[in-house]
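Colleague: Fold the stuff below for me.
(2 chains)
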Amino acid sequence: MSGNEKFSDILKATPYLEDFFQAFGLPRPGTVHTVDKYFELLSQDMIDNLGMTREDLKRDFFEFKAQLGSLSHHNINSLEIIGGHNKKGEPENISILLSPGDILSVVGPTGAGKSRLLEDIECLAQGDTPTGRKILVNGIAPSEEDRFNVDNHMVAQLSQNMNFVVDLCIADFLLMHAESRMVSNPHQVVQKIFATANELAGEKFTLETSVTALSGGQSRALMIADTACLSQSPIVLIDEIENAGVDRNKALELLIKQEKIVILVTHDPELALLAPRRLVIRDGGMKTLLDRTDAELATLKVLAEYSGKIAALRNSMRNGETMLEKS
Amino acid sequence: MKMITFAGTASCGKTSVIIQLCKELMSRGLKPAVVKFDCISSMDEQSYNDAGITVITGLAGGLCPDHFYVSNIQECWNWAHENEADILITESAGLCNRCSPHIKGIPAVCVIDNLSGVNTPHKIGPMLRTADIVVVTKGDIVSQAEREVFTFRVRQANPRCRIYSINGLTGQGTFILLKQLMEYPEVTGVDKLLLRFTMPAALCSYCLGERKVGHDYQIGNTKTMNFKNRME
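Modeller: Prediction:
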């Protein structure tokens, strides 16, 4: 792109470029201006206030424009975790192949190395982390760019420690996220995430609710719906979903429907059994990979009944009723 | 010897990130030396000492901290060299958001945390905009959505940088930062190198200790706010 192009043409083709001017607090370019003319006309004072030089600013504009085109979805057909070694240096002898829509649960005592595994996946390790593991995407080692480019990241994370900190209502919050993802129909996406989150949440909320006022379960529901519908990352790492205020079954179904690869660290037996495969971590290494058996499916059914009973009792309690087990 | 300049807003996790980085370096048999620049007394030297890291603190006191930084940087280099360090890391707070300690030819890292709010990347000046690498911390406690928005805003403010997410408490992500930093070449000194951006100018009566408010007491390089529409 040259500096002779008119802004009217540029902004028509890439409307999100306006963000650049907003971000720097610069006046909106007049449509008759060319790029060169615009940057020439900016007052020296304004440039000084930005803490940049005129040339830097112009270069950043072109760079920003170039990157708008590169924000794209990843196509992942497979993710393969190839074992390295545990803390004692013993080989792991395990490799796990995951496809879109797969869920893997990761279990083991605290300090066994579950987080280390998530970290290896997050940085798409290539034998260069302490575990020596390798992560292949679509059967090959990902490029350095794919590994380290945070803003084009393949991995989204959801953990129980996460909170919303921004002081916005849900509608504005989701819109802000949609715009940063540069989707073409942000308002529709906002509606979709909002509706989905409410389906997952035990207690309903409105678009005008402030995100910081949401309960733990509602927050989790909104985060899951947002990650499923808006995050470009095809891999979702989850560190526990609490068993209150959010429908965990539906949440996982939603992520599967969006073709995410879900890796779920948990200490909760029901959540662990929702995954068809279960990876056991011990001594910093991947010890065994278990397939969920039919007998375990029966266990899952029993656990689900318990959960249902607990949920019913919670409702009775909240409604001020006597807390009796209903059969 | 290699050298890295670290800058970032107050309490964003600079020291934690540097300590994690130093631990990784030391586990590879390399010796880091850290210079911590601050204004008034800092407790961070103790944190470095506890981690077994060679450290010295430079307190700017009544001087502009960044002017203080640049007028001491050659001596810092000499100090690290005499201590036979493999890598010199400087840490400074860029307190007025207008300063930047970054030097041409020396890898520059800006640390910024997710908790500081989604508008912060736009508020920080040259220390973010001229950095080669931006480290975003405290990503483990905010939502994925906020992290994505935050990263996007950093990208707007500095389209050329590499952005890494690091957990200063656990060190998650440090490994990648180190890998990237080790690719920068060694430097033989900082003499005659150029700052990436000018530091704020100031030479007025207040620099020299004036405390009275009012027109009659302002002498030197001062500037009056524009109270008219600033887009005019």
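Colleague: Contacts for stretch A:267-279, please.
Modeller: A:94, A:96, A:102-107, A:117, A:240-241, A:243, A:248-249, A:252, A:262, A:264, A:266, A:286, A:288-292, A:296-297, A:299-300, A:303-304, A:307 (CB atoms under 8 Å, 6 or more residues apart in numbering or on different chains). In this view, the C-beta of every residue, glycine as well, is placed from N, C-alpha and C.
Colleague: which of the residues in the worst-scoring helix or strand of chain A on mean pLDDT are buried?
Modeller: In chain A, no helix or strand scores lower on mean pLDDT, DSSP states H and E than helix A:144-148, which sits at a mean of 75. Across helix A:144-148, burial judged by 16 or more other CB atoms under 10 Å in any protein chain shown covers A:Arg147, A:Phe148.
Colleague: Please see if it touches chain B.
Modeller: Yes - using CB under 8 Å from any CB of the partner chain, helix A:144-148 reaches chain B at A:Arg147, A:Phe148.
Colleague: Residues touching that helix, excluding its own?
Modeller: A:His74, A:Cys123, A:Leu124, A:Gln126, A:Val137, A:Asn152, A:Met154, B:Arg162, B:Tyr164, B:Ile176, B:Gln180.
Colleague: Pull the distance from it to the chain's centre.
Modeller: Here the centre of helix A:144-148 is set off from its chain's centre by 17 Å, with CA atoms, centre = their mean, to the nearest Å.
Colleague: got the residue ranges for the helices in the chain?
Modeller: Went with chain A since none was named. A:7-13, A:18-24, A:35-41, A:44-50, A:54-68, A:114-122, A:144-148, A:170-180, A:186-200, A:216-229, A:248-257, A:269-273, A:294-318 (DSSP state H).
Colleague: wait, chain B
Modeller: Under DSSP H, chain B gives helices at B:14-27, B:44-50, B:65-70, B:73-82, B:120-123, B:126-129, B:144-157, B:174-181.
Colleague: Put the alpha carbons of the third one into CSV.
Modeller: This points to helix B:65-70. Presented in CSV, the C-alpha positions along helix B:65-70 are these (Å, rounded to 0.1, in the frame of the first residue of the first chain):
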residue,chain,number,x,y,z
PRO,B,65,14.3,8.8,37.5
ASP,B,66,14.9,8.4,33.8
HIS,B,67,17.5,11.1,33.5
PHE,B,68,19.1,9.4,36.5
TYR,B,69,19.0,6.1,34.6
VAL,B,70,20.6,7.3,31.5
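Colleague: That one and chain A, are they touching?
Modeller: No - Helix B:65-70 is not in contact with chain A by CB under 8 Å from any CB; minimum separation 12.1 Å.
Colleague: still on that earlier bit, tell me which two in the contacts of helix A:144-148 are the farthest apart.
Modeller: A:His74 and B:Gln180 (21.5 Å; CB to CB).
Colleague: Can you report how many residues neighbour B:Glu45?
Modeller: B:Glu45: 17 surrounding residues under other CB atoms under 10 Å in any protein chain shown.
Colleague: For it, give me its contacts.
Modeller: B:Lys36, B:Val55, B:Ile56, B:Thr57.
Colleague: mind putting the contacts of helix A:144-148 in a markdown table, pLDDT, neighbour count and distance to A:Asn315 included?
Modeller: Converted to a markdown table, the contacts of helix A:144-148 look like this (pLDDT from 0 to 100; neighbours: other CB atoms under 10 Å in any protein chain shown; distance: CB to CB, whole Å):
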| residue | pLDDT | neighbour count | distance to A:Asn315 |
| --- | --- | --- | --- |
| A:His74 | 68 | 15 | 41 |
| A:Cys123 | 84 | 21 | 43 |
| A:Leu124 | 90 | 24 | 43 |
| A:Gln126 | 92 | 17 | 49 |
| A:Val137 | 93 | 21 | 44 |
| A:Asn152 | 62 | 19 | 44 |
| A:Met154 | 86 | 21 | 40 |
| B:Arg162 | 90 | 19 | 50 |
| B:Tyr164 | 90 | 22 | 45 |
| B:Ile176 | 82 | 24 | 46 |
| B:Gln180 | 89 | 17 | 52 |
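Colleague: Dump those to JSON lines, plus distance to B:Ser41.
Modeller: Formatted as JSON lines, these follow (distance: CB to CB, whole Å):
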{"residue": "A:His74", "distance to B:Ser41": "48"}
{"residue": "A:Cys123", "distance to B:Ser41": "37"}
{"residue": "A:Leu124", "distance to B:Ser41": "43"}
{"residue": "A:Gln126", "distance to B:Ser41": "44"}
{"residue": "A:Val137", "distance to B:Ser41": "49"}
{"residue": "A:Asn152", "distance to B:Ser41": "42"}
{"residue": "A:Met154", "distance to B:Ser41": "44"}
{"residue": "B:Arg162", "distance to B:Ser41": "34"}
{"residue": "B:Tyr164", "distance to B:Ser41": "30"}
{"residue": "B:Ile176", "distance to B:Ser41": "34"}
{"residue": "B:Gln180", "distance to B:Ser41": "33"}
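Colleague: From those, pick the one nearest B:Leu115.
Modeller: B:Tyr164 (17.0 Å).
Colleague: Out of the helices of chain B, indicate the one that is most buried.
Modeller: For the helices of chain B, the largest average neighbour count (mean count of other CB atoms under 10 Å in any protein chain shown) is found in helix B:126-129, namely a mean of 29.
Colleague: Show the average pLDDT along that one.
Modeller: In this model, helix B:126-129 has a mean pLDDT of 90.
Colleague: In chain B, where is pLDDT below threshold?
Modeller: Along chain B, segments meeting pLDDT under 70 span B:95, B:229-232.
Colleague: Would you list the buried entries among the contacts of stretch A:267-279?
Modeller: Among the contacts of stretch A:267-279, those buried by neighbour count (16+ other CB under 10 Å) are A:94, A:96, A:102-107, A:117, A:240-241, A:248, A:252, A:262, A:264, A:266, A:286, A:290, A:292, A:296, A:300, A:303, A:307.
Colleague: Let me see the contact set for the closest residue to A:Asn93 other than its chain neighbours.
Modeller: Nearest non-adjacent residue to A:Asn93, counting by CB to CB, 6 or more residues apart in numbering or on different chains: A:Gly83, 5.9 Å away. Contact analysis of A:Gly83 by CB under 8 Å, 6+ apart lists A:Pro91, A:Glu92, A:Asn93, A:Ile94, A:Ser95, A:Arg133, A:Gly285, A:Met286.
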